[in-house]
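**Q** Just need the structure, nothing else, for what follows:
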Amino acid sequence: MTIEYLKKAAKTPSTGEDKTREIVADMLAQIEAGGEDKARAYGETLDGWNGDIVAGKDAIAAAAEKVPGQLKDDLRFAYDRVRTFAEKQKNSLGEFETELSPGLWAGQRLIPMETAGCYVPGGRYAHVASAIMSITTARVAGVKNVIACSAPSQENGGIHPAILYTMDICGADHILALGGVQGIAAMAFGLFTGKKANILAGPGNRFVAEAKRMLFGRVGIDLFAGPTEILIIADGAADPEIVAVDLVGQAEHGPDSPAWLVTTSRQLAEDVMARMDGLIAALPEVQSAAAAAAWRDYGEVVLCDNDEEAAQTSDEYAPEHLELQTESLDWFVARLRNYGSLFIGEETTVAFGDKCSGTNHILPTKGAGHYTGGLSVHKFIKVVTTQRMTREANRQVAAVTARVSRLEGMEAHARTGDVRLAKYLPDETFNLKV
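**A** From the prediction side, this is the model:
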């Protein structure tokens with residue numbers, strides 16, 4: 001495999017992890033020990049908010065009044081598509097019971113989690129779409145209690161009105177005006193609601209992602225969803241303007257958002273790189289600064305000899321978002337294995353999935369696409385098993401269990417089979433030793 005880096009990143013998605021881990025560990029420990037008072041104190045310090053933490057009906061109604069009618073229609077458009085796709089996902093799973101051998105039945109049940117905590121980023125940008133992605137999906141899954149949180153500000157008088165409105169229409173039961181680690185901790189520890197989350201879901205910055213990672217085990221998490229990533233596989237037939245615009249579209253998320261181009265065309269690579277600085281400079285100041293840092297420190301352009309090398313390179317990155325802008329779309333779709341969400345052809349783009357087209361935008365980052373997909377209703381549902389059998393079925397199952405258990409040295413296990421055979425089939429003799 002002979003690839004050439006026409007642009008190599010100075011940093012990786014793992015840069016700065018040790019310091020992040022130290023900060024988050026200290027915050028989680030302090031909030032767990034100090035409870036609601038400590039969470040509120042962090043909110044005042046980091047969010048600059050000293051108002052109500054729990055958003056009440058009046059605050060929600062006031063937020064709805066501030067959301068323009070066209071935006072409400074747009075949010076409903078996105079909500080309807082995300083909900084419909086989630087419903088299709090749920091219908092793809094089913095409960096069953098099957099007879100594995102005479103008298104032995106095994107089954108599968110689907111049990112929604114009791115409480116979900118949904119984090120909605122609200123710092124640099126008002127991520128209304130993230131509210132739709134997590135809260136709607138949890139609701140479709142059948143979660144009983146859905147808690148949502150987002151960063152408030154004095155400027156907005158709390159949570160951004162559009163985020164608050166969206167959280168409400170998607171079905172959040174409790175809404176907390178807390179961002180960052182303090183929001184994640186409040187949902188995990190049951191602060192302000194009395195309900196501890198069984199699972200934490202939603203994207204966020206590196207501190208939010210690390211807080212979820214540290215809490216995993218005590219609670220479930222959807223996946224590792226850190227700073228967003230995009231990788232585009234493009235060949236000589238791709239439009240360099242569209243490729244460049246799509247890379248910039250994700251780089252504006254923040255200064256640590258990787259944007260990668262993998263191509264079999266040196267000319268395309270050069271054309272795309274020539275456009276990047278101008279496209280970034282044309283953005284508003286905040287977005288331009290974020291995109292410039294992201295492209296400078298995390299941007300990469302990889303030149304490959306052929307499609308197979310491009311596919312191998314992409315699978316090694318396992319990007320969160322993967323766009324295909326090539327003449328060999330069907331080949332790549334069949335060949336690629338590692339990604340969070342795939343966007344096939346020039347006509348679609350990451351932003352469509354991010355905002356409203358229907359698939360979930362809460363996706364694996366930092367290589368997690370090697371072992372998991374994105375958020376779905378399945379993340380909020382426990383797939384559990386059941387077993388029942390007749391006494392006659394013990395003739396085989398109990399005897400096999402006893403012999404295997406003794407081979408393993410687990411005598412107490414073996415005797416649970418012995419005692420049933422003695423009770424159910426007292427007139428028969430069994431070989432219960434290895």
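**Q** check contacts around Asn145.
**A** 114-116, 173-174, 193, 195 (Cβ atoms under 8 Å, 6 or more residues apart in numbering). Bear in mind the C-beta positions are built from the backbone N, C-alpha and C, glycine included.
**Q** what do you get if the cut-off is 10 Å, keeping everything else the same?
**A** By Cβ atoms under 10 Å, 6 or more residues apart in numbering, Asn145 lies in contact with 113-117, 138, 172-174, 193-198.
**Q** Quick check: closest non-adjacent residue to it.
**A** Leaving aside its chain neighbours, Asn145 sits nearest to Thr115 (4.2 Å; criterion: Cβ to Cβ, 6 or more residues apart in numbering).
**Q** contacting residues around Ala186?
**A** Contact analysis of Ala186 by Cβ under 10 Å, 6+ apart lists 31, 35-36, 38-40, 42-43, 53, 117, 147, 149, 176, 178, 192-193, 197.
**Q** one step back: can you say which of the contacts of Asn145 are buried?
**A** Applying 16 or more other Cβ atoms under 10 Å to the contacts of Asn145, the neighbour count classes 113, 115-117, 138, 172-174, 193, 195-198 as buried.
**Q** now the helices for the stretch 301-434 of the chain?
**A** Assigned by DSSP state H, counting those that start in this stretch, the stretch 301-434 of the chain shows helices spanning 307-317, 329-335, 350-355, 394-408, 411-424.
**Q** between those, which one is nearest to Ala129?
**A** The closest of the helices of the stretch 301-434 of the chain to Ala129 is helix 350-355. By Cβ to Cβ, the value is 4.9 Å.
**Q** domain ranges for this structure?
**A** With domains defined by automatic domain parsing, the chain comprises 17-222+378-383, 227-373, 390-434.
**Q** now those in CSV, with distance to Ala9 and mean pLDDT?
**A** Conversion of those to CSV gives the following (distance: least, Cβ to Cβ, whole Å; pLDDT from 0 to 100):
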stretch, distance to Ala9, mean pLDDT
domain 17-222+378-383, 16, 95
domain 227-373, 5, 96
domain 390-434, 49, 95
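**Q** Any idea which of those domains gets closest to Glu4?
**A** Here domain 227-373 is closest among the domains of the chain (Cβ to Cβ), at 4.4 Å.
**Q** now the end-to-end length of the closest one.
**A** For domain 227-373, the first-to-last residue distance is 16 Å (Cα to Cα, to the nearest Å).
**Q** Quick check: Leu6 vs Val301, distance?
**A** Note on Leu6: its distance to Val301, by Cβ to Cβ, to the nearest Å, is 4 Å.
**Q** Can you give me every residue that contacts Gly254?
**A** By Cβ under 10 Å, 6+ apart, the residues touching Gly254 are 121, 123-125, 205-206, 227-228, 287, 289-291, 293-294, 298.
**Q** Look up how far Phe343 lies from Ile230.
**A** Taking Cβ to Cβ, one finds Ile230 at 9 Å from Phe343.
**Q** what is in contact with those two at once?
**A** Between them, Ile230 and Phe343 share these contacting residues under Cβ under 10 Å, 6+ apart: 246, 321-323, 349-350.
**Q** Which single one of these is nearest to Gly103?
**A** Leu322 (48.6 Å).
**Q** The closest one reaches Ser341, doesn't it?
**A** Yes - applying Cβ atoms under 10 Å, one finds Leu322 in contact with Ser341, separated by 7.2 Å.
**Q** coming back round to it: now, of the contacts of Gly254, which are buried?
**A** Buried by 16+ other Cβ under 10 Å: 121, 123, 125, 205-206, 227-228, 287, 290-291, 293-294, 298, out of the contacts of Gly254.
**Q** Turn the residues you listed into TSV, columns for distance to Asp168 and secondary structure.
**A** Formatted as TSV, the buried ones among the contacts of Gly254 follow (distance: Cβ to Cβ, whole Å; DSSP: H, G, I helix; E, B strand; the rest coil):
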residue	distance to Asp168	secondary structure
Pro121	17	coil
Gly123	20	coil
Tyr125	20	coil
Asn205	24	coil
Arg206	29	helix
Pro227	28	coil
Thr228	26	coil
Gln287	28	helix
Ala290	29	helix
Ala291	32	helix
Ala293	35	helix
Ala294	33	helix
Tyr298	36	helix
